[in-house]
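Enquirer: Generate a structure from the sequence data that follows.
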Amino acid sequence: MKLKTKNKVVFAEFPNRKELTLTMGRLGEFYESAHKHIRNKHFSVETFLDTFMDSDGNISYFSDWSGYNIPGNIVLEFLHIFEYDDITEREMALIDETDEILWDGFDEFCENFSGGNFYLIAYMKGDTDTIDHEICHAAYYLNKDYKKAVNKLVKSLDKDLVDHMAEILIKMGYNKAVCVDEINAYLSTSTAGYLKKRFGLTDVQYVVKDFKELAKPILKEYHV
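Expert: Numbers count the residues shown, from 1 in each chain. Okay, the predicted model is just below:
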C-alpha cells in the first residue's frame, strides 16, 4: 500500500485486489453498505463474511469492487467505534499511514474526530478509470460548488433514467443515500460501452456530455 495526498484527498494505492478488499472491505461497508445491520454499525469480520457468503461458502464480494471512497469523518468514526482491539492489522496500517500523511501525531488525529475534512480513495495500481471515478466522489464531499452543480445536473435528468440507475446501483450493493453521488461518478467517468453494459444505457452522449465537462477541471485539480 502506498499513500499520497493532494487537496485533502488521500490516495491509497494497492498492488492487487486481495490487498485492496481485505484492507478496505469493512470500512467501505461501514460507510455505504446496502445492508442495514452493518452500515454505520459495529460488526465483526465474521459478520462481514457471513453477510456476503452464500450457502455454498462462495463470496463474490472480493472480486466485485475495484475501488473505494470514504469521507474523512467516516474514517474517524470507524476508528472511534471499532477501537484498537477490533481493527485488523491491515485496517490499522491504513489508519496509521493516513494519520502520518495528514497529521504529525496520532493524538492530534483522534482530537480531530469531529472534523474529518479529508477524503480517502483506494484503488489498484494503474487503474486510472477507478481513480477518476473516486476523485469525483472526493470532490463531491470536499467541494461545495461542485456538489451543488452535480445535484443540479442530476435533478435535470429524466426521472425514469435516475430511478433506473438508482435501482441498479442498489442491486449492485450501494446504499440508496449515495445514489446521486454514484450516478454522477459513473456518468462523469464511464465510457459509453460501460454504461450500456452496466446500466443498459444507449445513446446517452447527450446526457454524459455535461457531466464530463463539469468533471474535467475537477479531475485535473485533484489528480496526483
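
Enquirer: going forward, measure contacts and count neighbours with C-alpha atoms only.
Expert: Fine.

Enquirer: what's the weakest-modelled helix or strand in this structure?
Expert: When each helix and strand of the chain is scored by mean pLDDT, DSSP states H and E, helix 106-111 comes last, with a mean of 48.

Enquirer: Next secondary structure element downstream of that helix?
Expert: On the C-terminal side of helix 106-111, the closest following helix or strand by DSSP states H and E is strand 119-124.

Enquirer: got the buried residues for the next helix-or-strand element following that next one?
Expert: For strand 119-124, the following helix or strand on the C-terminal side (DSSP H and E) is helix 128-142. Buried positions in helix 128-142, judged by neighbour count with 16 or more other CA atoms under 10 Å: 130-142.

Enquirer: got CSV for these, with distance to E46 and pLDDT too?
Expert: Below are the buried residues of helix 128-142 laid out as CSV (distance: CA to CA, whole Å; pLDDT from 0 to 100):
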residue, distance to E46, pLDDT
T130, 28, 95
I131, 30, 96
D132, 32, 96
H133, 30, 96
E134, 28, 97
I135, 31, 97
C136, 32, 97
H137, 29, 96
A138, 30, 96
A139, 33, 97
Y140, 33, 96
Y141, 31, 94
L142, 33, 94
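
Enquirer: Arrange these in JSON lines, one row each, with distance to H42 as further columns.
Expert: Listed next are the buried residues of helix 128-142 as JSON lines, based on distance: CA to CA, whole Å:
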{"residue": "T130", "distance to H42": "28"}
{"residue": "I131", "distance to H42": "28"}
{"residue": "D132", "distance to H42": "30"}
{"residue": "H133", "distance to H42": "28"}
{"residue": "E134", "distance to H42": "25"}
{"residue": "I135", "distance to H42": "27"}
{"residue": "C136", "distance to H42": "28"}
{"residue": "H137", "distance to H42": "24"}
{"residue": "A138", "distance to H42": "24"}
{"residue": "A139", "distance to H42": "28"}
{"residue": "Y140", "distance to H42": "26"}
{"residue": "Y141", "distance to H42": "24"}
{"residue": "L142", "distance to H42": "26"}
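
Enquirer: Out of the residues you listed, which comes closest to E32?
Expert: Proximity of the buried residues of helix 128-142 to E32 (CA to CA) peaks at H137, which lies at 12.5 Å.
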